[in-house]
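Asks: okay, sequence plus prediction incoming.
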Amino acid sequence: MKPNETLLNTAENNRALLEALDYEHNWNGLSTPMRQNAHELSATEKIEKIKGHFKEIMETLGMDLTDESLQDTPKRVAKMFVNEVFKGLNPDNKPEIKLFENKFKYKEMLVERDITLYSYCEHHFVPIIGKAHVAYISNGHVIGLSKINRLVEFYAKRPQVQERLNEQIAKALKEVLKTDDVAVVIDAEHLCVKSRGIQDTASSTVTASYHGKFKETEVRKEFLTYLNLKANY
Ligand SMILES: [Zn+2]
């Protein structure tokens, strides 16, 4: 379908936007597509290689890399890719998460909302900026709250599609917390939609992943009430 140019930030239009995104945002599967030999090169070797390639991209665009302002850009970009914005591609960077016994016998829902999320669209390599909201119901174990942020960050620091990012975070939380009762909602802006293509500056994309008890309407409603969001996603 041809993207509608007057989408607004409403739930209905979010759905329309998701449809529009399908136009060029096909994805399938939960795992990030990786090559068999993805981890053959060291981080330093990857940086060296990307530096050379990026220099070539800039030169092909016609830029003069002898200019003082540009000469270090390929190295800077390569380091940023490997060590920062795509560090979640390296399993060694997965945060270690210790479980604690839930001494308070807290059996209610725990919600951590407004977790800052910076990711990259894997189709255009431009940022996805948003918030993740995460909830779980303890199965006798708890984790430090900052660990939830770290887990979100780990999966966000990859070239991503929002749907997969959402599912990867939910799956990791289920594994770590040893419970199915997990919910993850992501509300994010895609710069590939805002700054290029249909240039829709008002829209955001909402995805949600509900598991276990969060499939029940009442539980889900409680979660969404904590988020102070409307129950339509
Ligand atoms: Zn994109």
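Replies: Arrived safely, thanks for sending.
Asks: show me the contacts for the residue nearest the centre of the chain.
Replies: The centroid of the chain falls nearest to residue 156 when counting by Cα atoms, centre = their mean (3.5 Å). With contact set as Cβ atoms under 8 Å, 6 or more residues apart in numbering, residue 156 has these partners: 88, 117, 118, 119, 132, 165. No exception for glycine: its C-beta is placed from N, CA and C like everyone else's.
Asks: and the fifth one, bridged to which residues?
Replies: Right, the one you point to is residue 132. Note on residue 132: beta-bridge partners by DSSP bridges are residue 115, residue 186.
Asks: can you report how many residues lie near it?
Replies: 27 (other Cβ atoms under 10 Å).
Asks: tell me the contacts of it?
Replies: Here residue 132 is in contact with 115, 117, 152, 156, 169, 184, 185, 186 (Cβ under 8 Å, 6+ apart).
Asks: the first one contacts residue 145, correct?
Replies: Yep, that's residue 115 we're talking about. No - taking Cβ atoms under 8 Å as the definition, residue 115 is not a contact partner of residue 145, at 9.6 Å.
Asks: more neighbours, those two?
Replies: residue 115 (21 against 11).
Asks: quick one: contacts for the more buried one?
Replies: 131, 132, 133, 134, 148, 149, 152.
Asks: put the buried members of those into a ChimeraX selection.
Replies: In ChimeraX syntax, the buried subset of the contacts of residue 115 is picked out as below (16 or more other Cβ atoms under 10 Å):
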select :131,132,133,134,148,149,152
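Asks: now the farthest one out in this protein, which residue is it?
Replies: Of all residues in the chain (Cα atoms, centre = their mean), residue 66 lies farthest out, 36.0 Å.
Asks: pretty sure it is in a strand, no?
Replies: No - counting by DSSP: H, G, I helix; E, B strand; the rest coil, residue 66 is not found in a strand; it is coil.
Asks: can you tell me, leaving aside adjacent residues, what's nearest to residue 107?
Replies: residue 138 (6.4 Å; Cβ to Cβ, 6 or more residues apart in numbering).
Asks: okay, now the unreliable bits of this structure?
Replies: 1-29, 105, 229-233 (pLDDT under 70).
Asks: what residues does it have near the ion?
Replies: 121, 123, 124, 192 (Cβ under 5 Å from the ion).
Asks: among these, which are located in helices?
Replies: Secondary structure from DSSP state H places residue 192 of the residues of the chain next to the ion in helices.
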